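A.B. asks: Provide a 3D model corresponding to the input given below.
(2 chains)
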Amino acid sequence: EAGVVQSPRYKIIEKKQPVAFWCNPISGHNTLYWYRQNLGQGPELLIRYENEEAVDDSQLPKDRFSAERLKGVDSTLKIQPAELGDSAVYLCASGMNTEAFFGQGTRLTVV
Amino acid sequence: GNSVTQMEGPVTLSEEAFLTINCTYTATGYPSLFWYVQYPGEGLQLLLKATKADDKGSNKGFEATYRKETTSFHLEKGSVQVSDSAVYFCAPTTNQFYFGTGTSLTVIP
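C.D. replies: Numbers count the residues shown, from 1 in each chain, chains lettered A, B, ... in the order given. Below is the predicted model of the structure:
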């Protein structure tokens, strides 16, 4: 069975440009998470979905970040405009019954 | 809210040495406890878990016991290998996973 698939794996953009990340969770998983991992740190939650509903987005910087999970399956995370401090690895995870499975992440570099 | 404190790294051990990585947590409610491992350039992989007090999670020679009285979930392995070199994250969870800063382990031959 395929795991959590994220794309792209790497992205380099100039500051003030928009960027989008895509996540395809494991089939049947109702819960989907987006995390941001800065270099040398642990992942920090940005948003959690239960099906298509965002049930926890308290840590999402809503002035520039947005996310959606149409039909409760795939999800996209967008940053517009990107800032230098947004350089990080963006991890998507899906799960059920509290266990979560992570994708390989998208490494974003803002220059 | 939940939080987790992990032993600071980096940790360097010789092959076949004994490993302990300490983890203590604070949580509202009754969390499940997880250890995740991150190999270089990869995403997080579930290593082991425990869902109630005194449960022992184990996988690939690693073990951790859910100690509710001390709010701890220390990771141990009796004999590490070079292939165990990675960053290890302790993560208590109720509705979401709270990760520590991770402990980097390097095993040298």
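A.B. asks: How is the residue of chain B found nearest chain A assigned, secondary-structure-wise?
C.D. replies: With distances taken as Cβ to the nearest Cβ, chain B approaches chain A most closely at B:Phe99, which sits 3.3 Å away. C-beta here means a position set from N, CA and C on the backbone, and glycine is covered the same way. Remark: B:Phe99 carries the secondary structure label coil [criterion: DSSP: H, G, I helix; E, B strand; the rest coil].
A.B. asks: now it: how far from B:Val87?
C.D. replies: B:Phe99 sits at a distance of 10 Å from B:Val87 (criterion: Cβ to Cβ, to the nearest Å).
A.B. asks: When the two are compared, which one has more neighbours?
C.D. replies: Under the criterion of other Cβ atoms under 10 Å in any protein chain shown, the comparison of B:Phe99 against B:Val87 puts B:Phe99 first, with 23 against 19.
A.B. asks: wouldn't the more buried one be in contact with A:Glu44 here?
C.D. replies: Yes - using Cβ atoms under 8 Å, B:Phe99 and A:Glu44 qualify as a contacting pair, with a distance of 7.5 Å.
A.B. asks: Give me the pLDDT for the residue in chain A that chain B sits nearest to.
C.D. replies: Of all residues in chain A, A:Gly42 sits closest to chain B, with a separation of 3.3 Å (Cβ to the nearest Cβ). A:Gly42 carries a pLDDT score of 90 in this model.
A.B. asks: got a list of what it touches?
C.D. replies: B:89, B:99-102 (Cβ atoms under 8 Å, 6 or more residues apart in numbering or on different chains).
A.B. asks: A:Leu84 now?
C.D. replies: Residues touching A:Leu84, when contacts are defined by Cβ under 8 Å, 6+ apart, comprise A:15, A:110-111.
A.B. asks: that older thread, show me the contacts for the residue of chain B closest to chain A.
C.D. replies: Each residue near B:Phe99 by Cβ under 8 Å, 6+ apart is listed here: A:42-44, B:4, B:36, B:89-91.
A.B. asks: Could I get those residues in TSV, plus columns for secondary structure and distance to A:Glu50?
C.D. replies: Written out in TSV, the entries for those read as follows (DSSP: H, G, I helix; E, B strand; the rest coil; distance: Cβ to Cβ, whole Å):
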residue	secondary structure	distance to A:Glu50
A:Gly42	coil	23
A:Pro43	coil	19
A:Glu44	strand	19
B:Val4	strand	23
B:Tyr36	strand	21
B:Phe89	strand	23
B:Cys90	strand	25
B:Ala91	strand	19
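A.B. asks: top of these by neighbour count?
C.D. replies: When neighbours are taken as other Cβ under 10 Å, the top entry among the contacts of B:Phe99 is B:Cys90 (30 neighbours).
A.B. asks: Look up the residues forming beta bridges with it.
C.D. replies: Residues in a beta bridge with B:Cys90, per DSSP bridges, are B:Trp35.
A.B. asks: Ends of stretch B:37-48, what's the gap?
C.D. replies: Across stretch B:37-48, the straight-line distance between its terminal residues is 9 Å, by Cα to Cα, to the nearest Å.
A.B. asks: make that stretch B:36-54, sorry
C.D. replies: With Cα to Cα as the measure, stretch B:36-54 spans 19 Å from end to end.
A.B. asks: Go through it and flag the buried ones.
C.D. replies: Buried positions in stretch B:36-54, judged by neighbour count with 16 or more other Cβ atoms under 10 Å in any protein chain shown: B:36-38, B:43-44, B:46-51.
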